[in-house]
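J.: got a structure for you, letters missing:
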Ligand SMILES: [Zn+2]
């Protein structure tokens with residue numbers, strides 16, 4: 001499908017109208033949309049913990065509809081299908097697979113904390129684990145020395161993000177090892193994490 005046809009196609013799906021649960025009522029649309037949303041510039045974070053999609057009236061203009069992602073903690077997040085067609089994120093799959101590998105290290109770090117508290121403002125709500133040296137710098141360093149980088153991936157069975165194939169296990173293990181020895185983690189509240197410098 002070319003870009004124009006793609007826009008038309010997903011606009012039609014959106015304009016079928018109000019729907020509380022695409023996964024229950026319009027399964028095929030649901031899976032097509034999840035595939036499309038993997039091209040969102042904020043993927044994989046954008047799709048993290050998504051369990052359903054709903055369609056509601058656009059709050060700013062009731063003439064239009066909007067897609068909303070429903071997360072497993074009941075949080076709702078709007079998503080633009082146009083963003084997924086016009087500004088695709090080319091490194092999304094490798095990034096998501098690399099992030100998947102280090103999930104256990106992140107949760108081990110969280111468990112090791114005496115108390116979940118923001119190291120900048122002492123807030124104890126919505127604590128997230130942050131890479132002091134940005135994740136993408138670690139990734140760049142790691143990938144620089146690699147002669148082989150996987151370029152095809154498996155799909156996470158529940159959350160539908162890219163994960164490494166079994167044949168790339170050695171690559172994944174080397175990355176985990178690298179991350180374990182080089183990543184410096186800290187706990188930040190959501191607000192401090194959002195407002196931290198991203199360079
Ligand atoms: Zn804070």
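T.: Noted; the coordinates are in hand. From a predicted model like this one, the values you see are computed outputs, not experimental measurements.
J.: OK, contacts around the closest residue to residue 77 other than its chain neighbours?
T.: Closest residue to residue 77 apart from its sequence neighbours, by C-beta to C-beta, 6 or more residues apart in numbering: residue 69 at 4.6 Å. All C-beta atoms are positioned from the backbone trio N, CA, C, and that covers glycine. Taking C-beta atoms under 8 Å, 6 or more residues apart in numbering, we find residue 69 in contact with 37, 46-47, 50, 52-53, 76-79.
J.: same thing but 10 Å
T.: 33-34, 37, 40, 46-54, 75-79 (C-beta atoms under 10 Å, 6 or more residues apart in numbering).
J.: assign a three-state SS to it, would you?
T.: Here residue 69 is recorded as strand under DSSP: H, G, I helix; E, B strand; the rest coil.
J.: separation between it and residue 84?
T.: 12 Å (C-beta to C-beta, to the nearest Å).
J.: what do these two both touch?
T.: Contacts common to residue 69 and residue 84, judged by C-beta under 10 Å, 6+ apart, are 33, 37, 40, 46.
J.: nearest to residue 193, of these?
T.: Nearest to residue 193, judged by C-beta to C-beta, of those is residue 46 at 15.8 Å.
J.: state the distance from that closest one to residue 156.
T.: Counting by C-beta to C-beta, the gap from residue 46 to residue 156 is 14 Å.
J.: these two - which one has more neighbours?
T.: residue 46 (19 against 15; other C-beta atoms under 10 Å).
J.: so what's the more buried one closest to, chain neighbours aside?
T.: Nearest one to residue 46, counting by C-beta to C-beta, 6+ apart, is residue 40 at 4.7 Å.
J.: so which bits of the chain are right by the ion?
T.: Counting by C-beta under 5 Å from the ion, the chain comes close to the ion at 118, 120-121, 123, 189, 192.
J.: redo that, cut-off 8 Å
T.: Residues of the chain found near the ion (C-beta under 8 Å from the ion) are 118-123, 188-193.
J.: the top helix by length along the chain - contacts with which helices or strands?
T.: Ranked by residue count and defined by DSSP state H, the top helix of the chain is helix 169-182. Judged by 3 or more C-beta pairs under 10 Å, 6 or more residues apart in numbering; DSSP states H and E, helix 169-182 is in contact with helix 92-101, helix 103-112, helix 135-144.
J.: who's in contact with that helix?
T.: With C-beta under 10 Å, 6+ apart, helix 169-182 has contacts from 97-102, 104-106, 108, 131, 133, 135, 137-139, 141-143, 145-146, 148-150, 163-166, 168, 185.
J.: what's the angle from it to helix 135-144?
T.: Counting by axes from the mean of the first three to the mean of the last three C-alpha atoms, to 10 degrees, helix 169-182 points 130 degrees away from the direction of helix 135-144.
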